[in-house]
Every structure is written in structure tokens, then in C-alpha cells.
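>>> this is the structure alone, sequence omitted:
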Ligand SMILES: Nc1ncnc2c1ncn2[C@@H]1O[C@H](COP(=O)(O)OP(=O)(O)O)[C@@H](O)[C@H]1O
Ligand SMILES: [Mg+2]
């Protein structure tokens, strides 16, 4: 009888195998289903995909989505970076308090947030009425129910997501490296750009990816704070699935998002090791 | 689409993902369990139908209470069958998914009559048994093969009485006239009602509306786009008004009364030109409770049930006997009352059943 | 190396550093001469790093002053002081190659590219890493990293180089090798080196002068042989080398183990002779270490040259211990 190679019988793998298969099936099943729908509904073929090039409105929705997501990601990451920086450099007690506040904000539902923003920045909100009362403006400023509103709401939602990976990467920076830079004659600004930023880059990229991908799937905030005028892909997909029953179009857009994200990851992997971004070995 | 939907949408985002992906229910629950999801809260209010009971698929919130008191109690007393609820909101896409998956868990959906047309055509619904359900106890033309209208809700508008002291707006023509009536408006963002209102504002007679001239309607919609914001749920529509974001806002007609109360009369409802929407009961193909559900629908047509639904949800009766029995003070808020009905447009479920996809997408494109 | 000129003498005046109520550096006065190799030696926690960081400008001074060539630099930010520094753990920039690490101090000073290239080549040569310029720090051994850190800190010809336990992470053999290289580099560049270590052998073998620190205070300053031959305190005598302590009347004397002769009982001849019983003998190759129990003095350690000392004396044997008058050093100050 021939011996079976030992590694093939690794007991650990056998134990988790059913689970791996189950999870694989649960993840891959729906994805294949979506891919299949996108080329089979309503008629077999690539009709849903050619719509991408022929339909102005799809193009515009995708453009809006991309624009809003990119701007929101940029702002969230910059704010997240500043907050993380402040946290890393705060005293331990203060830092824990800040972290607590950050985590609490994860628990506030999207609806409560959107309604709060309307109360605060809406036409008759606190800010506008205050400014009007003290005579700085005569007409309310339109913060909400437009793209600005969407950005404010989304950035507010995303900042905590941006902070965490950045915080982690900043905390792993050796303070002596920064002192070394100063001792070698670099000013604070030079130290920041040439040492601190590159060393926190992995966290920055991870945060940007995370925020961007979550943004792509957003729909409640754009739907409410955009006043119906800022139509993004996620909401459009939901309408196609639930209301207009154009599942083929919905599946095509879902597939597009999926492959868009994968392409993004692939592109990034060409410029840096993704394992560093996702918290693996440090560069 | 009804009031509670918006809340539900948010809570059920995860659930929808699985539905869109046609992931099996058990698979989804297993996944929730594994991921440590609070699946209980996500799926709260969703009951599995079993023989000997009727599961109503509605929009949660108040409607659960109202449907129990108005229909469920009488139905259970008569048949001995309990009434249960799935409150996740029977949007067309979800009904289709449920039937396609072969795991039908609801007997009757609190839907729209145009759903009956759209889903009936594709074979996702059971026909209504008119030997049990009474065709004469609804509005003419609203007893269709796959659904019967039980109540009417609708689209009307409200205005800020302080914004227009020199004479309030009285019609959709005024609503679309931003010169004479400056200020921000709100419209329903999924086309329904908004298109009809735009055409009336553009001078189309109310009995000439259907088939809707989409291009003309959208041109009119776009003409006030800079002054319009759009809502997707009743709660949002109400909020836009209560917060003073708009000086004229489209609302669900049945909510007008409570908004007048909430704003202490500052905002007033205009029923002239209101678009009456036939809310219909429809039965998913292969419903677990079987033909007994027809008895339930018939119960909902009875006069006490109809009056109760009006009292509880503000939705207007379709049964003429119930209409006749309405109290004097309720008449101004009933879309079918003698004073309102002549000025109301009746939504054409056949047009919407055929054209929802085109209309909604064109509308979304126009406003975004 | 050119460029240093007359610069590089440091004067620490009554330096104090307190963390809350805790005094980490306590009234330190010290003159460091230009080009000197000065070692701060002391146990862990004695304030060496703190003192060094104050010189570098990374630690605020609670009170006192630091003068560079007579000018106060106490308020000058770190990057203006132009001091080189080699950190505990090296603190190389992990995202830069060896070349970029070494070039850093010049590139932040915006020197011309050609000058930087030439200087980096020179430094790589100095630390014998010419072939390693393109590598990243994590691709180097500990000793190589240490040399990169040194090259980087010397690249801009600083008048003073501060080194905080730069050899601490190296194994013993490598450490001795690098010590020699470091010393050689010091001789070549002529920079003032302020070197921190807790390793007494390292201090003895490399330094022009040693500062022994304890509890934030300077215990004693001197050349290696001064300190070894004439320790002033119990702490100095025991931290730098080994000592027996003889308590006589009102004073304490330090007596190095190798300054004691061991003879057969009754044969001891010298100014001081005592008799005791051998408790243990340990063989160290070059020498033998005896523990001898002397009734009037307690346990005394005696080092005997293994080669000249003849056959080891067995445990339990009674022996005579003798030493010259000059061998025992009277300690001046008794620490609390
Ligand atoms: N930032 C600080 N806060 C409080 N105490 C400190 C701080 N840094 C160092 N110390 C204390 O100061 C003393 C001297 O530390 P250090 O200079 O690092 O000693 P060494 O380098 O000689 O080991 C130690 O007791 C240490 O705990
Ligand atoms: Mg130290």
C-alpha cells in the first residue's frame, strides 16, 4: 500500500473543510447567480452590458457614483488621517476617550444620522436659522438635498472607517525613526512628508480602499440627503430589483461593481504589496 | 409603496442582498447565525405561513395593528384561522423572488393594483376567486383577474399657508407655477402620481391622461427641477413638510389629515386633482394557506372593515356601502367622498402594470 | 574628516530632568572635549538615554544648560543642533534603501545630487558596505544595520555624535568586531563621540573617558584606568570590574580580586596577610577564580593567573591571602 503524503491528511484542514466548502458556496453561489442573471435576463446575451455604452442615463449614474465616491473617499481619508494623527499623539486617557467616541459612532444608525443632518443643516436647521438670525445670510444655504448634502452625510459616516486602519498603521511607527529624522536635520514638515507619511501609507491606502468600496454600496444617505437628485448605482440597482424588475440590468451593474473593485485591487497590487495594506507583514 | 417601507429598507438591506442573490432562506439564516448577525431583529415580524393560518405581507408599523383590528379579528372569529404578519414590505421584486424560489411564505400581499397586472402577467400570482370576493364591492374597473382593490390611497399636495397669504394654490397648475407660487416643492421620486400631476399641470384633461405622454410629463417635471426635491417614502415626504423644507409638497393623500394636525394647520391639504391609487390584495402563486385567503379578502371588503381601515390608516374605502356610511367630518379627507371624488384622477393599473419599468427609469433619469 | 573645525566641545551645566516627582537626571555637570570618545556607563534606568536625549534636543531640560563651544543650545530644536545620533535599535528608515538612508541628512539639506552621491559612496566605504547600497534595512544583519545607522549619522559631518547603546543588540563576538570598527572610525573622523552603554568591558576598551552614572547622578568621571584603579565609591568599584570591600575602622577599601596573591598556609608574605579557607574554585581558561572564606573579612574573591598560578588549590584547603598596601583603595564617598 502506498503511503499517503502526510500533508494531504492534515487533520486541521479536514476539520474545517466542510465549513470552507459551505462558506465558499454561500459566497460564490450568489455571485455566480448574479453573473448568470446579467447575461440571461431578460434575453440571453450581452445586451445588458451593451446598455452601458448606449444608455446615457447609466453612464451618468456611474459618473455620479464615481465622482461622489472619489470625493468622499478623499475627504474622509484626509479627515481620518488627521484624527488618527491627533489620537496617536494624544495622552493615553484622551486617546481612549477618542477611541470610545469613534466606536460609539459606529452604533448610530444611518437613519438617525441623516435626520440629524437635516435638523442641523436643513433649510430651517439650526445652522441656517442661526446665521439668518445674526444676519450673516438672508436666504438659507442649501447644505442638504443636493450633492453637498450627500457628501457631508457620507463623509460623516465614513470617517470612523477611515480612522481605524490609519490609526493602526500610525501606532506601529517607531517614534525613534521620527527622532532620527529630526536628528539628521529634517524639519518637522520634512519628517512628515518623507518619513511619517510613507510609513503610514499602508494604512492610508487600506482606509481609502475600505471607504471607497463601502461608498460604492451606499444608498440610504444619497437617497435621502440628495433629495432624489443624486442617483447612485446602489440605489439604482435596488430600484431595478424591487420596483422595475429589470434584474438583468441590476445584475449587470452589480457585476460591474464587483469587477470594478477587483480591478482596483489588482491595479493596486501592482504598485504595492496588498498584504501590507491588509495588515500583513510590514513593508 | 407605503409609509414604513423606508425604515424597512434600511433594516433589511442585508436581507435584500440575499433575496436579490436568490440565496435560500435557510442559507441566509445560517449565514446570519455564523456571522453573529442579530437575525432575529432583522427578520422580526416575519412569520412562516403554515396550513390553517393566513399570513399577510404588509409594511409593518401601524398597519399590523390596523389590519388585525379591521380584518383579522372578524376573519379569525368566522373561520378560526389566525392572521399572522410578514412586515417586510411586498415590493414586486420581492414577490417575484419568493415565488421563483419556490418557498412561498405569504398568503396575501398589501400591494398595488398595478402589481397585480405586472406579476399576474408573468404568472407569479393566484387569480382572485370572484365567487368568494365581491366584484361589486370595489370601484369600477378595480376588480382585476389577479388582484382586487380594497382601499384607495393617493397622491395629493399640501401647501404652506404662510407662504401664500394672497391666495393659496388650488391645483397642479399652481403647483408647477414657480412664478406665481415661489418656493421649493417636493414630488414622489418613483414617478407614480408625479407624472399624472405634471400632465394635469401642463393642461391635459384628467380623463385624457392615459396612456401617459411620458415625454411631455418629464418636460414639465424638469421645468421645475431646480425648485424640487424628491422623496422616496411617506415618512420622508412628511418630514420635508414638517421641517419646513418645502412650501408645497406632494404627500400620500391618506397622511394629509395627520400632517395638518402635526403642523397645527400651517400646511393644508389640496385634494383637487388628487391621484387615487388602488391599494390591492394580491395572492402569491402557490400560497401556503390555499383558497381560504379569498375569504380573508372578502372580509376586508365588508363595511366595518373598510370603515376601520379608514379610521386606522386614513385609507379610503372602495366599497360604495362603506363610502355612503362615512361620517360627515371624515368626508373632506376621503378621496372617494362626494365632494372629492369628482375632482380625483383614478390611477390606471393597466398602464402602470405595463410601463412601470420605463416610467420609473425615465423619471429617475430626468430628475437626477 | 573635514568640516568639523574647532567645533564639538560640549558643556553640561547643572542639568536636571524630572518626570513629575521622579528625577531621572540629577544635577549633571560635565565638560566633553572636542574629538573625545566619552562613554556614559550605568545600569539600566540610570538616566543615560535621558541625558543623551537632552543633548540631542529631544527631551526638554527641567533646569540647567547645555553649551556647544560656549554657546547655549538648550532652546535649539533638534534638527538645528546638527548632532548625529545613533539610536538604540538603529531607527533606520524601513522604507528607504541603505543609500537613501545615508543620503537623507544631505538631501534634507538640499545638497546637490552629485555631492550627495559622492558623500554616500564615501560613507559606504567607511563602514564597509559598498555593495549593500540598494538593499533595504530589513535585508541586512544587525551589525550591518548598525553600520548604516553610523554612516547615516556621520554623513553630514556632525561635530558631535551621540550613540545610545548602539551595540546592545549584537551578539558578543560581533560586538567586539564592531567595537573595533567604531573605534577606528572615531579615530578617522575626529568627531566627538558620546557613547552610551551598560557594558563595562565595552566602556573600558573604547573610551577616552568614562562617566559612571547611577540614579541619574554622575558617580565618577575619569579615564578607564583612573576609574579602574581608583574608584571612589562602592558603586563605581563594583560596576566597573569586580571588587572585594574591606571594612576597616571608619573607612571602606576596594580591593580588586586580581591584586590579591594566594599562597600556601603560613607562607604568605606581604604588607597585608590574612588566612582563609577555599570555598570554591572556578576555571575560566585564562584565570582561576577562588572564593575564600576569611574569618575577619568574610568571603573574598581572588583571581589567579591560570598559567602562572601552578596547580589549582583544592576546595577546603587553608591558604594565605596577601596584597600590597597600594592595592586596596580607600573609598571616599559611601552612597546611601
Ligand atoms: N518619559 C518618561 N516618563 C517618565 N519616566 C521616564 C521617562 N523616560 C524615562 N523615564 C525614567 O527615567 C529613568 C531613566 O531612564 P533612561 O534615561 O531611559 O535610563 P537608561 O537609558 O539609563 O536605561 C528611568 O527610571 C525611566 O523609567
Ligand atoms: Mg537607555
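Here it is on my side, so go on. Since the model is a prediction, treat every value here as computed from it, not as a measurement. Ligands and ions are numbered 1, 2, ... in the order given.

>>> chain center to stretch C:178-186, what's the gap?
Offset of stretch C:178-186 from its chain centre (Cα atoms, centre = their mean, to the nearest Å): 13 Å.

>>> now it: average pLDDT?
For stretch C:178-186, the mean pLDDT works out to 90.

>>> can you tell me what sits against that stretch?
With contact meaning Cβ atoms under 8 Å, 6 or more residues apart in numbering or on different chains, stretch C:178-186 is reached by C:37, C:126-128, C:143, C:146-147, C:150, C:154, C:166-167, C:170, C:193, C:202, C:205-206. (Glycine included, C-beta is placed from N, CA and C.)

>>> same thing with stretch A:250-260?
A:31, A:34-38, A:41, A:48-49, A:51-52, A:58, A:62, A:216-217, A:233, A:236-237, A:240-241, B:20.

>>> what's the answer for stretch C:311-319, then?
In contact with stretch C:311-319 (Cβ under 8 Å, 6+ apart) are residues C:262-265, C:275-281, C:283, C:288, C:290, C:292.

>>> now stretch A:125-132
A:118-122, A:137-138, A:140-141, A:143-144, B:243.

>>> mind running it again at 7 Å?
A:118-121, A:137, A:140-141 (Cβ atoms under 7 Å, 6 or more residues apart in numbering or on different chains).

>>> same deal with stretch C:234-254?
Contact with stretch C:234-254 is made by C:200, C:212, C:214, C:219-220, C:227-228, C:231, C:255-257, C:297, C:300-301, C:328-331, C:334-335, as judged by Cβ under 7 Å, 6+ apart.

>>> just the buried members of the contacts of stretch A:250-260?
Listed as buried from those are A:34-35, A:37-38, A:41, A:48, A:51, A:58, A:62, A:216-217, A:233, A:236-237, A:240-241, B:20; burial here means 16 or more other Cβ atoms under 10 Å in any protein chain shown.

>>> so where's chain C shaky on pLDDT?
For chain C, applying pLDDT under 70 flags the ranges C:1-6, C:333-336.

>>> what residues does it put near ligand 1?
C:19, C:22, C:24, C:42, C:44-50 (Cβ under 6 Å from any ligand atom).

>>> how about JSON lines for those, with secondary structure added?
Output for these, formatted as JSON lines (DSSP: H, G, I helix; E, B strand; the rest coil):
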{"residue": "C:19", "secondary structure": "strand"}
{"residue": "C:22", "secondary structure": "strand"}
{"residue": "C:24", "secondary structure": "strand"}
{"residue": "C:42", "secondary structure": "coil"}
{"residue": "C:44", "secondary structure": "coil"}
{"residue": "C:45", "secondary structure": "coil"}
{"residue": "C:46", "secondary structure": "coil"}
{"residue": "C:47", "secondary structure": "coil"}
{"residue": "C:48", "secondary structure": "helix"}
{"residue": "C:49", "secondary structure": "helix"}
{"residue": "C:50", "secondary structure": "helix"}
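
>>> are any of the contacts of stretch C:178-186 buried, and if so which?
Among the contacts of stretch C:178-186, the ones that count as buried (16+ other Cβ under 10 Å) are C:37, C:126-127, C:143, C:146-147, C:150, C:154, C:166-167, C:170, C:193, C:202, C:206.

>>> need the contact list for the nearest residue to residue B:124 once chain neighbours are set aside.
In this structure, residue B:124 finds its nearest non-sequential neighbour in residue B:99, 4.4 Å apart by Cβ to Cβ, 6 or more residues apart in numbering or on different chains. Neighbour list for residue B:99: B:124, B:284-286 [criterion: Cβ under 7 Å, 6+ apart].

>>> buried residues in the helix or strand containing residue A:88, which are they?
Using DSSP states H and E, residue A:88 sits within helix A:56-89. Buried residues in helix A:56-89, counted by 16+ other Cβ under 10 Å: A:57-58, A:61-62, A:64-66, A:68-69, A:71-73, A:75-77, A:79-81, A:83-85, A:87-88.
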